[in-house]
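Participant: Using only what follows, build the 3D model:
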Amino acid sequence: MNNALYNQIRIFQSIAREGNISAAARKLEITPPSVSNALKLLEEYIGHPLFVRTTRRIELTETGQLLLEQTAAAVESLENSLESIRDQHQEPSGMVRITLSRFAYLLILKPAMAEFCQQYPGIQLEISVYDGTVNIIKERFDLGIRFGDILEGGVVARPLMKPFREGLYASSAYLSRHGTPEVPADLCHHQLIGYRFITNNRILPLLLNDRGEQLTVEMPGQLISNDIDVMADGIRNGLGIGRLFEPVWQLQPDRERFIPVMESYWKTYPPVYLYYPKNAGKTKRVKALIDFLISTSGR
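Facilitator: You can find the predicted model right below:
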C-alpha cells in the first residue's frame, strides 16, 4: 500500500468518526477541500461510494462500513507500533483516552488520578465515564475498564479487582415502616430503587443467588436512576431497598446508615478488568497508565 492510499484511509476513518468533512478537517488540521479530494480518490480506487451525503451529516454506506471495520484495527496497530519505536528514548507524553463505568471510576481511577498526573506531567488524560458497552477499537480509546464478562474480542485483559457481591441495603426508617425481608417471597411487599441500564435502556430486574441458582425478581419502585449516587441517596432517604456493589457501599461516608438485608441471597459479579487493543500497550504513554493502574489497584 502506497503512502497516498494509507493517508486516504486515515482521512476516511476520521470522516467516519467525526461525522462530516469539516470536523474531520479540523481534527486532522488540514483543509476541507483536501479531505474531500482524498475521499473522492479513495472512492474511485474502491469503485463504490463510501458515504451517503445528507444536509448535516454523511452516513457510511454498506461498503464504507465494511472498509471501516476491516481497516480500523490495522491502522491503529501500525500507528501504535510507529509511536512505540519513536518514543523509546523519550519520557511518556501525549494523550491517553480511557473509557470506564462510573463504578470503575470511583473505585479504581479516582483514587489514583492525581498521583498519576503528578508522576507523568507529559501525559494528558481523557476520561469518558459511561455505564454502557463501548467498543474501544471502533471508538479509538486506548484503554477501558469493565466487567470481565462483557469484553469484546481482540483485546488484552488484565484483572484489577477480584469478584465481589452486589448488596441489598435499606435505611432503618424504611425497615421500620415495611419490615425486614428474609426470603425472596417477602420482596413483593417492598419497593426497589430501580437501575436503568444505558446500553439497552432497560430497567434491570433484581438478580439474586438462591443456593447457586440465579433468581430474577420483579419489584415495584418509586425511584429509578442510572447513577450510583442517586441510588445511594434513595436508600438514605428511605425510598426503598437499593442495590450497591459492596466496594461502593464501603466508600459511603455514612455507610452505617445502610442496613444490609438478605445477605445470603446476594449475587457475586465477575472480576473487573483493564483491557486494551493488543498493540496499544507498546506505546510509552499507554503502558505508563496500564502499569500504574495495575500497581495501585491492589492497595
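Participant: Tell me the helices and strands packed up against the longest helix along the chain.
Facilitator: The residue-count maximum for a helix in the chain (DSSP state H) belongs to helix 62-86. In this structure, helix 62-86 makes packing contacts with helix 3-18, strand 272-277, judged by 3 or more C-beta pairs under 8 Å, 6 or more residues apart in numbering; DSSP states H and E. Any C-beta I mention is one placed from the backbone N, CA and C, and that applies to glycine too.
Participant: Go through these and pick out the most buried.
Facilitator: The highest average neighbour count among these, using mean count of other C-beta atoms under 10 Å, belongs to strand 272-277 at a mean of 23.
Participant: average model confidence for it?
Facilitator: Averaged across strand 272-277, pLDDT comes to 90.
Participant: What pairs with that strand, parallel or antiparallel?
Facilitator: strand 143-147 (antiparallel), strand 155-161 (antiparallel) (DSSP bridges).
Participant: Out of these, which gets nearest to Pro33?
Facilitator: The closest of the strands paired with strand 272-277 to Pro33 is strand 143-147. By C-beta to C-beta, the value is 35.5 Å.
Participant: Who are the contact partners of Tyr45?
Facilitator: Leu5, Gln8 (C-beta atoms under 8 Å, 6 or more residues apart in numbering).
Participant: What values do phi and psi take at it?
Facilitator: With angles defined as degrees, to the nearest 10, Tyr45 sits at phi -70, psi -40.
Participant: Give me the local confidence score for it.
Facilitator: pLDDT recorded at Tyr45 is 91.
Participant: same deal with the one 3 residues further on?
Facilitator: In the predicted model, His48 carries a pLDDT score of 91.
Participant: Give me the neighbour count for it.
Facilitator: If you count neighbours by other C-beta atoms under 10 Å, His48 ends up with 13.
Participant: show me where the chain has helices.
Facilitator: Listed in chain order, the helices of the chain (DSSP H) span residues 3-18, 21-28, 32-46, 62-86, 102-104, 110-119, 172-178, 228-236, 246-251, 284-297.
Participant: Which one, of those helices, ends up nearest to Pro163?
Facilitator: Comparing the helices of the chain by C-beta to C-beta, helix 246-251 comes nearest, at 10.5 Å.
Participant: Can you list the helices and strands that that closest one packs against?
Facilitator: Using 3+ C-beta pairs under 8 Å, 6+ apart: helix 246-251 touches strand 164-170.
Participant: re earlier: out of the helices of the chain, which comes closest to Gly94?
Facilitator: helix 284-297 (4.7 Å).
Participant: In contact with Ala173, which residues?
Facilitator: By C-beta under 8 Å, 6+ apart, the residues touching Ala173 are Gly238.
Participant: Centre-most residue in the protein?
Facilitator: Nearest to the mean C-alpha position of the chain, by C-alpha atoms, centre = their mean, lies Leu100 at 3.4 Å.
Participant: Tell me which residues touch it, please.
Facilitator: If you count contacts by C-beta under 8 Å, 6+ apart, Leu100 has them with Ile108, Leu109, Ile127, Ser128, Val129, Tyr130, Gly144, Ile145, Arg146.
Participant: same check, this time on Ala4
Facilitator: Leu41.
Participant: Just the local confidence number for the nearest residue to Asn226 once chain neighbours are set aside, please.
Facilitator: Nearest non-adjacent residue to Asn226, counting by C-beta to C-beta, 6 or more residues apart in numbering: Arg196, 4.7 Å away. pLDDT, Arg196: 88.
Participant: Next: Leu82.
Facilitator: Leu82 is assigned 71 on the pLDDT scale.
Participant: What about it, how many residues nearby?
Facilitator: 11.
Participant: Ok, Gln70 next?
Facilitator: There are 9 residues near Gln70, going by other C-beta under 10 Å.
Participant: and what of the one 4 residues further on?
Facilitator: By other C-beta under 10 Å, the residues close to Ala74 number 11.
Participant: what's the distance between it and Ala157?
Facilitator: According to C-beta to C-beta, to the nearest Å, Ala74 and Ala157 sit 21 Å apart.
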